[in-house]
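Participant: Sequence and predicted structure, then a few things I'm wondering about:
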Protein chains: 2
Amino acid sequence: MSKEKQFVKEITPQSEDFSRWYIDVIKKADLMSYSPVRGCIVFKPDSYEIWENIQRELDARFKETGHRNAYFPIFIPESFFNKEKEHVEGFNPELPWVTEAGGEKLEERLAIRPTSETMIGHMYAEWINSYRDLPLLINQWANVVRWEKRTQPFLRTSEFLWQEGHTAHEDEADARRETMQMLETYRDFAENFLAIPVIVGQKTPSEKFAGAVDTYSIEAMMKDGKAVQAGTSHYLGTNFAVAFDIKYLDRENQHQFCHTTSWGVSTRLIGALIMVHGDDRGLALPPKVAPTQVIMIPIGPPKTREQVVGRVDELFAQLKQAGVRVKVDDRPDQSPGWKFNEYEMRGVPIRVELGPRDMENGQVVLVSRISGEKKIVKQENFVEEVQNMLAEIHQQMYDRAKQFRDDNFTSVDSLDEFKAFLEQQRGFALAGWCGSDACEAQVKDETGATSRNIPFEPSEHKKTCLVCGESAKHTVVFGRAY
Amino acid sequence: MSKEKQFVKEITPQSEDFSRWYIDVIKKADLMSYSPVRGCIVFKPDSYEIWENIQRELDARFKETGHRNAYFPIFIPESFFNKEKEHVEGFNPELPWVTEAGGEKLEERLAIRPTSETMIGHMYAEWINSYRDLPLLINQWANVVRWEKRTQPFLRTSEFLWQEGHTAHEDEADARRETMQMLETYRDFAENFLAIPVIVGQKTPSEKFAGAVDTYSIEAMMKDGKAVQAGTSHYLGTNFAVAFDIKYLDRENQHQFCHTTSWGVSTRLIGALIMVHGDDRGLALPPKVAPTQVIMIPIGPPKTREQVVGRVDELFAQLKQAGVRVKVDDRPDQSPGWKFNEYEMRGVPIRVELGPRDMENGQVVLVSRISGEKKIVKQENFVEEVQNMLAEIHQQMYDRAKQFRDDNFTSVDSLDEFKAFLEQQRGFALAGWCGSDACEAQVKDETGATSRNIPFEPSEHKKTCLVCGESAKHTVVFGRAY
């Protein structure tokens, strides 16, 4: 047990202090350590393995849709940022700069990438000649750095891990099709892999990516009612193509600028997983992303121990063979009760208990981390029963998260109504918006809530702006956000 | 086709100019681009996919032996380097420094990691309390930066990708066992996955890792007779444990320093693959690591085209189903001859041709990239024949590389003899060495060759030092190196 872990005796209840609950859980479940570098955390094996599962699944989805991975330098010359005005304004305040290397002062400062549109734009200009080179569909798995003022483990760290897709297309239609395809990939992944229901929509201009024409996002609600932007997809128009001279010869032998896109998700998904599904007992991991899906614990007195452990090992082998991520904890120096708590706290979806009486009856006990349901099943149906329960747990976790979101989602007609809602409870509000930056800013000033996105499928279309009362251009989801 | 590629019309023959051959091949096969940042390259999809295959295989081997992945910050406070004297001396000249971030000058400069012993040492000190926490077996996949004076694509770049294993143990015996286990993992991987024969041995003190007690390496011979150090494994003793206070309570409740190890391979393996196996026709990739193992090319006149392509697609599906990485090139606007050259240049191990006559005869033609052998096989045995040929090709590539190395490996008794050898041909020499730094340095000064390692299994044990003629302490492999 690590020194850090020992400091967390009990997990603070969510209702008492959600932020402390969050830190308690990630410490006690051994997911991360603070590092000696400001805002940087260490991803310990139990959180990194969640990230590996996310990577494996997304990477397969990217490749199925024709993307390939590549790797671009982490260093970006200062002059690159100055080529796209909005981009430099958006990112400059957060950049770390390398000014010396190899014992010498550099002629030009090098930024550590906060995102790679500029470097990749520069390379694409070199690579792309003709329409035959398009579309160019590349993804990068990488570390990026944004020197944030306020950091929070997983959700906002100075250095984080992510993937960034960067594609170049012949025209707007194809680039927009790609932008939407990747947004849909993220939605499907969030809901069907992470069991996190998300709101899909377009960012308002003030919230869009620095340098994008349009930004789309998926937004998730945490158990404290706050939002996490869980993935974004940007249609960049010809902004970066013009800045970096990404041109191609079209079918009529004319030079045209490419239309580009970019899209990404990051290790903040780990934070979202914890805050969407966790409870006062600790982590609760959806089966598809959980490093360990099933923990098997032999029980009973020492005299039957060897026999029980032998049978557990056989059942373990069956599960493993079937592709289930399963572990056995047969340590004799920890009690079953201690182990039950431990693996509940670590969020393992299913606990399997096997004792001497189960041996006699040819049965085995499955316990769901989510519902607490105890299911006694025949050993001969073990693998199938486990697989069914894993599927059920995924669905239950999704349904619960969706129910929670629906319960904390209101519709308001005025700023006062929104403020009153936020005093009662935390959550999102659907509201009309006239489209002016001023009204959007006023919502933020008075409530701390920002526009999350303009949902594609709002439950209703609002008629008037919640601030000025003028005719609404859009129906917007507002919420406080991480 | 990229602009860069167009500049390489023909590949320079290896015998004419090996360095130009290397650059021509990697350009023409579209493996990399130079970036605008000094010494940094872009890993284009075809080289990155080689790295992904390396990663997948090694990662599985690391996990099988009980290691887990984690991720540590890329930034290392300057003070950390000063804690281990040899380490700082070894790496300081190559460090890039972040001095400003978020609009402010930093109080302490942050190095970009050249390797992570210091950061991980700091964290291990926090994590490890008792012998129950040991061994701690962690690996990291990451980018690292060394501001090298001379760079060469893949082999030596300012930023590169690698894995670094870092483990902590109760005692020297266990740490040394780990060091040797990982060295053996690398040897087996190099030989049985990359088809690269390697010399396994210990580095001399002057060539060991900065801060290690003992460094072990696997060394490969390129087709120009030069060496590439393809992997290293270090026993670090208690050097980093003392510097970072990595202590544990032993079974007698006494504080003890841990014994630690580290070990790594990097994207330079891609360069080694190219230089060990490539030839004047271009790349030649060993089947297990090749992104595309089989390219299928339908041939024959337009009137039978549809039928032929239909059959190719069926056979393609069979291969894919069997887990072979296969592609079809049925572009009608490129001739079969052009395609044959193209995929030979790109190093695809097997070409499959299918034309109307093959259709009639129920056969298909397999062509080996390595031997040029054309094998006509029955379509009903297609998958099995391909799998057999892939296995044969692996073995042939290994055997050829081994034969080449043996042909360019001499044994010398004096420096003059070694010099004479190097004037005749390039290659390695086995020689006795008295153990003095001065004699080792003299070999380097006069020949440009360095000690590669002290092989565990030399073909003979040399009696006298090649320089001073005194009694030899070790039998050493010398060679010029990348």
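Facilitator: Structure received.

Participant: so what are the domain limits for chain A?
Facilitator: Listed domain ranges for chain A are A:3-277, A:294-392, A:409-479 (source: automatic domain parsing).

Participant: Was I right to think A:Asn143 contacts A:Leu161?
Facilitator: Yes: between A:Asn143 and A:Leu161 there is a contact at 5.6 Å, judged by Cβ atoms under 8 Å. Using the backbone N, CA and C atoms, a C-beta is placed for each residue, glycine as well.

Participant: which SS class is the residue of the stretch 301-450 of chain A found nearest chain B?
Facilitator: In the stretch 301-450 of chain A, the residue that lies nearest chain B is A:Asp333 (10.0 Å; Cβ to the nearest Cβ). Three-state call for A:Asp333 (DSSP: H, G, I helix; E, B strand; the rest coil): coil.

Participant: Geometrically speaking, which residue is the centre of chain A?
Facilitator: In chain A, the centroid-proximal residue (Cα atoms, centre = their mean) is A:Leu269; its distance is 2.0 Å.

Participant: so who does that one touch?
Facilitator: Residues in contact with A:Leu269 (Cβ atoms under 8 Å, 6 or more residues apart in numbering or on different chains) are A:Ile54, A:Leu194, A:Ala230, A:Gly231.

Participant: What pLDDT is listed against it?
Facilitator: According to the prediction, A:Leu269 has pLDDT 98.

Participant: Provide the secondary structure category for it.
Facilitator: Under three-state DSSP, A:Leu269 comes out as helix.

Participant: Compute the distance between it and A:Ile196, please.
Facilitator: 8 Å (Cβ to Cβ, to the nearest Å).

Participant: Return every residue with contacts to both of those two.
Facilitator: With Cβ under 8 Å, 6+ apart, A:Leu269 and A:Ile196 have common neighbours A:Ala230.

Participant: on that earlier part again, kindly list the main-chain dihedrals of the residue of the stretch 301-450 of chain A closest to chain B?
Facilitator: Note on A:Asp333: its backbone torsions stand at phi -90, psi 0 [degrees, to the nearest 10].

Participant: cool, A:Thr99 as well?
Facilitator: The phi/psi pair for A:Thr99 (degrees, to the nearest 10) is phi -120, psi -20.

Participant: So what's the residue count around it?
Facilitator: 16 (other Cβ atoms under 10 Å in any protein chain shown).

Participant: nearest residue to it other than its sequence neighbours?
Facilitator: Spatial nearest neighbour of A:Thr99, excluding adjacent residues (Cβ to Cβ, 6 or more residues apart in numbering or on different chains): B:Thr99 at 4.7 Å.

Participant: just A:Leu366 next, same as before
Facilitator: For A:Leu366, the closest residue by Cβ to Cβ, 6+ apart turns out to be A:Lys375, at 4.6 Å.

Participant: Tell me the secondary structure at the closest residue to A:Leu31 other than its chain neighbours.
Facilitator: Leaving aside its sequence neighbours, A:Leu31 sits nearest to A:Ser47 (Cβ to Cβ, 6+ apart; 3.9 Å). With three-state DSSP as the basis, A:Ser47 sits in helix.

Participant: Against B:Asn453, how distant is A:Ser47?
Facilitator: 38 Å.

Participant: Could you list the buried residues of stretch A:231-249?
Facilitator: Using 16 or more other Cβ atoms under 10 Å in any protein chain shown as the burial criterion, the residues of stretch A:231-249 that qualify are A:231-241, A:243-244, A:246-248.

Participant: Quick one: distance of that stretch to the chain centre.
Facilitator: Stretch A:231-249 has its C-alpha centroid displaced from the chain centroid by 25 Å (Cα atoms, centre = their mean, to the nearest Å).

Participant: A:Pro287 against A:Gln387, yeah?
Facilitator: No: taking contacts as Cβ under 8 Å, A:Pro287 lies outside contact range of A:Gln387: 9.5 Å.

Participant: Neighbour count for those two, which is higher?
Facilitator: Taking neighbours as other Cβ under 10 Å, A:Pro287 and A:Gln387 compare with A:Pro287 leading, 26 against 16.

Participant: ok now do that one, which residues does it touch?
Facilitator: A:Gln293, A:Pro349, A:Ile350, A:Leu390, A:Ala391, A:Ile393, A:His394.

Participant: Ok, A:Arg405 next?
Facilitator: A:Pro197, A:Met221, A:Phe428.

Participant: what's the answer for A:Arg61, then?
Facilitator: A:Thr185, A:Phe189.

Participant: quick one: what helix or strand has it in it?
Facilitator: helix A:45-64 (DSSP states H and E).

Participant: Repeat that for A:Val308.
Facilitator: Here A:Val308 is assigned to helix A:302-321, by DSSP H and E.

Participant: residues of that helix that come out buried?
Facilitator: Here helix A:302-321 shows A:Thr304, A:Val308, A:Val309, A:Arg311, A:Val312, A:Leu315, A:Phe316, A:Leu319 as buried, counting by 16+ other Cβ under 10 Å.
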